[in-house]
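> Predicted model follows, preceded by the sequence.
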Amino acid sequence: MANLIERFLNQLAAEEKSPETLAHYGEELGRFERWLGERYSLSLTEEHVPEVTAVMLSEYYQELYARGLSVPTRNNYVVILHRFFDYLARLNKVSEDASRVLRCVKDKKARQKLAKAQEKVYSTEQIAALLDRLENGSDRLTDYRDLAIIALILGSGMRASEACNLNVCQMRDIQEGIVTCKRKGGEMAEVNVASFVYPHVQRYLLLRGKCAPDAPLFISQKGNRMTRNALWKSFASKQRELGLDTGVHRFRHTFLSDVDHHSNGSAALARDLGGHTSVAITNNYLHTTKEERQAAVNSMSYADVLAE
């Protein structure tokens, strides 16, 4: 089948676009095509593009948002897709509705609305400031617990609720970079964690004292299992002290944004490390190895500030 991406890039070359622009467009369109393959078993060929719908494009944009990408980055991707689907519409290869949804998310008011709702990611400097606050706090057990949770989320992409549901026995392989976790949807999975996580968890458990293997890993001051809401309250006051936006999920957004940056937008890595059960895998050839996942979690840009 005809390679529509190549035809589109040839058209841009005829318009004297720079080699850098052509490479950037090709990379993003390739990323989108991989996502189509994962989710719908489709490709950007003449055979499949008529099946691409406005709903699919809207879903893709929402996944860019969920991965914590900045507004300018998301909008840049949308501009590329918009030009590509406009080109296909002119060739009568795709429905007008598909291009229309891209024009919608390009709209200034729509962008502003999404930007307002977006949970921002933390910079390395902000993470360092928060860690320093916890290292020097007055309540060592609570602060070391919160520090261990932050390290765990930033080192694995785990959801706050998933971290709160962990038991002590699920840390048995953490030194090897593995934590067994109940993912969203209830399935148990081995989650790769960065090497900087273990020292923080170990220090917290040593300070906490002896506990049963089936005991909750993270507990409140009353000895109960931590909840996401309790975690939010514990973090919020410290975040406000430092002038940071509050929220637990921001740490996961920061992790996913960093994965995207270091992996050149690998949809497979974002899926596997983020535990995105909504991204159904229908092509067996698209997967990541344990080694690739471990290398990714150990290459976070903020790893040095979390290393002990």
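Ah, there it is. No experiment lies behind these values; they were computed from the predicted model shown.
> in stretch 72-82, what's buried?
By 16 or more other Cβ atoms under 10 Å, the buried positions in stretch 72-82 come out as 73, 74, 75, 77, 78, 80, 81, 82. Any C-beta I mention is one placed from the backbone N, CA and C, and that applies to glycine too.
> in which helix or strand would I find the last one?
In other words, residue 82. Element membership for residue 82 (DSSP states H and E) is helix 71-90.
> For that helix, which helices and strands make contact with it?
Here helix 71-90 touches helix 4-14, helix 19-40, helix 54-66, helix 96-106, helix 108-117, going by 3 or more Cβ pairs under 8 Å, 6 or more residues apart in numbering; DSSP states H and E.
> cutoff 6 Å now
If you count contacts as 3 or more Cβ pairs under 6 Å, 6 or more residues apart in numbering; DSSP states H and E, helix 71-90 packs onto helix 19-40, helix 96-106.
> pLDDT of it, averaged?
The average pLDDT for helix 71-90 rounds to 81.
> Start the count at 58 instead of 1 going forward.
Right, with 58 as the first residue, what we last looked at is helix 128-147.
> and the angle for it with helix 61-71?
Calculated by axes from the mean of the first three to the mean of the last three Cα atoms, to 10 degrees, helix 128-147 forms an angle of 100 degrees with helix 61-71.
> would you put the C-alpha positions of helix 128-147 in PDB?
Listed next in PDB are the C-alpha coordinates belonging to helix 128-147 (Å, rounded to 0.1, in the frame of the first residue of the first chain):
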ATOM      1  CA  VAL A 128       0.700  22.600  26.200                       C
ATOM      2  CA  PRO A 129       3.200  23.800  23.600                       C
ATOM      3  CA  THR A 130       4.400  20.300  22.900                       C
ATOM      4  CA  ARG A 131       0.900  18.900  22.600                       C
ATOM      5  CA  ASN A 132      -0.200  21.700  20.300                       C
ATOM      6  CA  ASN A 133       2.900  21.200  18.100                       C
ATOM      7  CA  TYR A 134       1.900  17.600  17.700                       C
ATOM      8  CA  VAL A 135      -1.600  18.700  16.800                       C
ATOM      9  CA  VAL A 136      -0.400  21.200  14.200                       C
ATOM     10  CA  ILE A 137       1.500  18.400  12.500                       C
ATOM     11  CA  LEU A 138      -1.500  16.000  12.500                       C
ATOM     12  CA  HIS A 139      -3.800  18.800  11.300                       C
ATOM     13  CA  ARG A 140      -1.600  19.500   8.300                       C
ATOM     14  CA  PHE A 141      -1.300  15.800   7.500                       C
ATOM     15  CA  PHE A 142      -5.000  15.200   7.700                       C
ATOM     16  CA  ASP A 143      -5.800  18.300   5.700                       C
ATOM     17  CA  TYR A 144      -3.500  16.900   3.100                       C
ATOM     18  CA  LEU A 145      -5.400  13.600   3.200                       C
ATOM     19  CA  ALA A 146      -8.700  15.400   3.000                       C
ATOM     20  CA  ARG A 147      -7.600  17.200  -0.100                       C
END
